[in-house]
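J.: Following is a predicted model, sequence given first.
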Amino acid sequence: MKRTFLLIVLSLFMISLTACASRKAGGAAADDQERSRREFFAMDTYMTFTAYGEGTEQALQEAEEEIYRLESEWSVTEEDSEIYRVNHSGGEPVTLSDDTAQIVRFALDMAEETGGALDPTIYPVVAAWGFTTDENRIPRQEELGALLENVGYEKVELAGNQIRLPEGMELDMGAVGKGYAGDLAAELLKEDGITSALLDIGGNIQAVGSRPDGSGWRIGLRSPFGEGQIGVLEVSDRAVVTSGNYERYFIGEDGREYGHIIDPDTGYPVGNEIDSVTIIAEEGKTADALSTSMFVKGLSGAEEYWRAHQDFDMILITEDGQVYLTEGIESSFTLNSSFGNMELHVLEAVAEE
Ligand code: ADP
Ligand code: MG
């Protein structure tokens, strides 16, 4: 019901947007380029695609259609999706399309690389906490223990496009799918010759090229403490993905907050010192996988992982108001003056003595 209402509001919004699409972006002469924009609801979130330049409307429409196509392949709930088929295969092998095989391969590889902090088989536990239905509850210890028996990325057999998932297990691309969808949509736009676009996928940002005037895109970083943005990040050709517990969480009967990212070791929502993790990487899928898994790892685990890899940047915000950012983005990040009381720490590749 709530969703139907949102969809109606959104459709009205889209009609008015279509009406102003491709109007010249007013203001600065440097930005005096044609602009197209599409807003839509997919993968359980709101998306806004904006592109600058001639003839971008058609390309954006194709990118939107690509998202619907991927959603219908990866949905855990739609009965004709590929992931649904795998989850209801009763342990029998299933042949996947290339896109689905690739995202599953990627999720399994990242699960291995992060030591299981990311686990694409955690879905039954996420469901037990009610995050898939919004009927939240605190499961009993025994229930979680039993569910965790059927969790474990290493039990998934994937060879080429053939997958076999042991009976009782469930796959879910929730932590990486939006990132990969962003990559594929961005690729489509580039193939269509677009050099300046910003894809907002429910807060996941995929920047194609730079702004029309050649400067970087300015991405506001939402405060995990409530209203406002803690700062601004300037990027070109990058994905910027944030995970936190402040968007999807509930307060249990015990008065504690429980968020939607689960520690696969315990089956409990992550409850460490971190309030939000932002990852800046070349690819959306990497940024998405790492935002979830670095959140699970916590401050010292994330720092250790970054030192060992260094092919991405990150901004960690702790619940006591500290900001940790990696040295590669130090000069691209500006803290908002209203958050000037937050303490900034720069993480350097070579640890200081
Ligand atoms: P969002 O999708 O809200 O932007 P994330 O990318 O961090 O946030 O993904 C969180 C989603 O991934 C959860 O809603 C849940 O479905 C799933 N999930 C939760 N914990 C894990 C985990 N440790 N590994 C993999 N997926 C997870
Ligand atoms: Mg993620």
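T.: Structure received. Numbers count the residues shown, from 1 in each chain. Ligands and ions are numbered 1, 2, ... in the order given.
J.: Who are the packing partners of the longest helix seen in the chain?
T.: If you go by DSSP state H, the chain has its longest helix at helix 284-309. Under the contact definition 3 or more CB pairs under 8 Å, 6 or more residues apart in numbering; DSSP states H and E, helix 284-309 sits against helix 98-113, helix 177-191, strand 204-209, strand 239-244, strand 274-281, strand 313-318, strand 322-326. C-beta: built from backbone N, CA, C; applies to glycine.
J.: if we look at the second one, which residues are touching it?
T.: When contacts are defined by CB atoms under 8 Å, 6 or more residues apart in numbering, helix 177-191 is touched by residues 43, 45, 49, 51, 59-60, 62-63, 66-67, 70-71, 74, 99, 102-103, 106, 173, 197, 199, 201-202, 204, 206, 208, 239, 241, 283-289.
J.: and the angle for the longest helix of the chain with helix 177-191?
T.: On the basis of axes from the mean of the first three to the mean of the last three CA atoms, to 10 degrees, helix 284-309 is oriented at 110 degrees to helix 177-191.
J.: Which positions within helix 284-309 qualify as buried?
T.: Going by neighbour count (16 or more other CB atoms under 10 Å), the buried part of helix 284-309 is 284-299, 301-303, 305-306.
J.: Write out the residues of this structure neighbouring ligand 1.
T.: 118-120, 122, 126, 131, 172, 174-175, 243, 247-248, 260-262, 264, 288, 291-292, 296 (CB under 6 Å from any ligand atom).
J.: how about 5 Å then?
T.: Applying CB under 5 Å from any ligand atom, we find that the chain lies next to ligand 1 at 118-119, 122, 126, 174-175, 243, 260-262, 292.
J.: Which ones among the residues you listed map onto strands?
T.: If you go by DSSP state E, the residues of the chain next to ligand 1 have 243, 262 in strands.
J.: Please convert the residues of the chain next to ligand 1 to a markdown table, extending it with pLDDT.
T.: Below are the residues of the chain next to ligand 1 laid out as a markdown table (pLDDT from 0 to 100):
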| residue | pLDDT |
| --- | --- |
| L118 | 98 |
| D119 | 98 |
| I122 | 98 |
| V126 | 97 |
| G174 | 95 |
| A175 | 97 |
| S243 | 95 |
| H260 | 95 |
| I261 | 96 |
| I262 | 97 |
| T292 | 98 |
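J.: From I262, how far out is G116?
T.: 12 Å (CB to CB, to the nearest Å).
J.: out of those two, which sits in the busier spot?
T.: Counted by other CB atoms under 10 Å, G116 and I262 do not tie: I262 has more neighbours, with 25 against 19.
J.: which residues does that one contact?
T.: By CB under 8 Å, 6+ apart, the neighbours of I262 are 122, 125-126, 129, 268-270, 296.
J.: how many neighbours does T95 have?
T.: T95: 12 neighbours (other CB under 10 Å).
J.: who touches it in this structure?
T.: For T95, the contacting residues are 161-163, by CB under 8 Å, 6+ apart.
J.: Run the angle between the longest helix of the chain and strand 204-209 for me.
T.: Orientation check (the same axes, to 10 degrees): helix 284-309 against strand 204-209 gives 90 degrees.
J.: Could you list the contact residues of the stretch 101-250 of the chain toward ligand 2?
T.: Proximity of the stretch 101-250 of the chain to ligand 2, by CB under 5 Å from the ion, involves residues A175.
J.: now E234: how far from V323?
T.: Taking CB to CB as the measure, E234 falls 16 Å from V323.
J.: now do D183
T.: From D183 to V323 the distance is 27 Å (CB to CB).
J.: what about G226, how many residues close to it?
T.: 7.
J.: That one should be in a helix, yeah?
T.: No. Using DSSP: H, G, I helix; E, B strand; the rest coil, the assignment for G226 is coil, not a helix.
J.: The nearest residue to G228 once chain neighbours are set aside and ligand 2: what is the separation?
T.: Counting by CB to CB, 6 or more residues apart in numbering, the nearest residue to G228 once its immediate chain neighbours are dropped is S338, at 6.4 Å. Per CB to the ion, to the nearest Å, S338 is found 28 Å from ligand 2.
J.: Could you do A197 as well?
T.: 21 Å.
J.: Now that residue: which helix or strand?
T.: Secondary structure assigned from DSSP states H and E places A197 in strand 196-201.
J.: what about that strand, distance to the chain center?
T.: Mean-position distance between strand 196-201 and its chain equals 14 Å (CA atoms, centre = their mean, to the nearest Å).
J.: And it, what does it pack against?
T.: With contacts defined as 3+ CB pairs under 8 Å, 6+ apart, strand 196-201 has these neighbours: strand 45-52, helix 56-74, helix 177-191, strand 204-209.
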